[in-house]
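>>> coords please:
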Amino acid sequence: MRRALVLTHVAHEGPARVADALARAGLGIDVRRLDLGEGVPRTLDDWDLLVVMGGPMGVLDVGDPRYPFLEAELALIRSAVQGDFPTLGLCLGAQLLAAAAGARVYPNMAGDPPRPLREVGWGAIHFIRAPSEEPYLAGLDRAEVVLHWHGDTFDLPSGAVLLASTLACENQMFRLRRRQFGLQFHVELREADVRTWLDADRSYVEGALGPGGPERILADTARYLPRLMERGDQLLDGLIRAMISA
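Reported below is the predicted structural model:
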């Protein structure tokens with residue numbers, strides 16, 4: 001059986017519905033909890049696909065003793081980039097993939113003068129490319145509502161193709177070569193995951209949206225999540241097919 005290696009960085013940001021999509025594609029799953037000291041593999045020889053999940057730390061924290069795994073993780077992803085190894089990065093994972101490909105990662109800024117902007121909550125992304133150009137986008141509208149939860153962004157890696165943007169953050173999704181994808185936004189969550197994130201990150205959300213921010217996200221989750229689960233599964237299935245068949 002083909003197997004996927006899933007790297008996670010914190011208890012509440014597991015693979016969620018990515019695991020379901022991998023199973024539908026016939027891949028077994030090996031999850032490494034890097035925050036618990038489960039070591040970063042030196043090579044990807046034992047796997048057929050790499051998934052890098054999100055977390056509250058960032059690329060700018062490489063070298064921070066609180067996150068001793070980040071340096072080795074970045075080196076592993078760099079080897080994946082160099083070998084065109086099938087790789088999917090979500091949120092922090094997308095930032096690590098961009099950094100491994102030589103791009104700059106930095107705080108998201110907006111306004112005049114620019115100031116840091118956390119993009120948190122439900123909002124639309126706009127796909128730059130059409131399904132005729134990128135078949136894994138089939139079944140999606142040109143704009144879809146997804147969940148955002150980040151304060152950093154990245155430059156588009158050299159040679160990468162931009163796939164989706166928001167008004168607040170241009171580089172939301174990209175393809176590197178044929179088999180590597182970074183998604184800054186979230187399509188993988190269930191309702192229970194959203195509630196767990198709000199419990200774990202309440203101060204972060206309130207810092208972005210104000211005291212009523214968590215309640216607003218819960219209300220929006222009831223409205224938008226059913227469609228996102230359908231469309232998100234379509235996207236995840238399409239991306240995994242593209243990665244293992246290319």
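>>> spit out the contact partners of the residue positioned nearest the centre of the chain.
The residue lying closest to the centre of the chain (CA atoms, centre = their mean) is Leu90, at 1.1 Å. Counting by CB atoms under 8 Å, 6 or more residues apart in numbering, Leu90 makes contact with 18, 51-54, 183, 186, 188. All C-beta atoms are positioned from the backbone trio N, CA, C, and that covers glycine.
>>> pull out the buried residues from these.
18, 51-54, 183, 186, 188 (16 or more other CB atoms under 10 Å).
>>> inside strands: which ones of the residues you listed?
Of the positions in these, 51-52, 183 sit in strands, assigned by DSSP state E.
>>> reformat those as a markdown table; add distance to Pro226.
Shown next, in a markdown table, are those (distance: CB to CB, whole Å):
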| residue | distance to Pro226 |
| --- | --- |
| Val51 | 24 |
| Val52 | 27 |
| Leu183 | 20 |
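>>> so which of these comes closest to Arg78?
Set against Arg78, the nearest of these by CB to CB is Val52 (12.0 Å).
>>> can you tell me the element the residue lying closest to the closest one once chain neighbours are set aside falls in?
Distances taken as CB to CB, 6 or more residues apart in numbering put Gly93 closest to Val52, at 3.2 Å, once the chain neighbours are dropped. Gly93 belongs to helix 92-100 when assigned by DSSP states H and E.
>>> for that helix, packing partners?
strand 49-52, helix 70-82, strand 87-90, strand 105-107, strand 152-154, strand 173-176, strand 180-183 (3 or more CB pairs under 8 Å, 6 or more residues apart in numbering; DSSP states H and E).
>>> got the ones you listed as TSV, with mean pLDDT and distance to Leu137 columns?
Formatted as TSV, these follow (pLDDT from 0 to 100; distance: least, CB to CB, whole Å):
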stretch	mean pLDDT	distance to Leu137
strand 49-52	98	19
helix 70-82	98	22
strand 87-90	98	15
strand 105-107	97	25
strand 152-154	98	21
strand 173-176	98	10
strand 180-183	98	11
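>>> Arg32 is nearest to which of those?
Among the helices and strands packed on helix 92-100, the nearest to Arg32 by CB to CB is helix 70-82 (9.4 Å).
>>> could you tell me the angle between that closest one and helix 92-100?
Relative orientation of helix 70-82 versus helix 92-100 (axes from the mean of the first three to the mean of the last three CA atoms, to 10 degrees): 70 degrees.
>>> hmm, who's touching helix 70-82?
By CB under 8 Å, 6+ apart, the list of residues contacting helix 70-82 reads 7, 34, 39-44, 50, 52, 57, 59, 61-64, 85, 87, 89, 96-97, 99-101, 176, 180.
>>> and that helix, which residues are buried?
Neighbour-count burial for helix 70-82 [16+ other CB under 10 Å]: 70, 73-74, 76-78, 80-81.
>>> likewise stretch 122-131?
By 16+ other CB under 10 Å, the buried positions in stretch 122-131 come out as 122-123, 125, 127-128.
>>> of all those, which comes closest to Ala110?
Taking CB to CB as the measure, Ala110 lies nearest Gly123 of the buried residues of stretch 122-131, at 13.3 Å.
>>> isn't that closest one right next to His150, touching?
No: using CB atoms under 8 Å as the test, Gly123 is too far from His150 to be in contact (11.8 Å).
>>> and the average pLDDT for the lengthiest helix in the chain is what?
Longest helix in the chain, counting residues (DSSP state H): helix 213-245. Mean per-residue pLDDT for helix 213-245: 97.
>>> tell me, how many residues neighbour the residue lying closest to Gly26 once chain neighbours are set aside?
Leaving aside its sequence neighbours, Gly26 sits nearest to Arg2 (CB to CB, 6+ apart; 6.6 Å). A count of neighbours around Arg2, defined by other CB atoms under 10 Å, yields 12.
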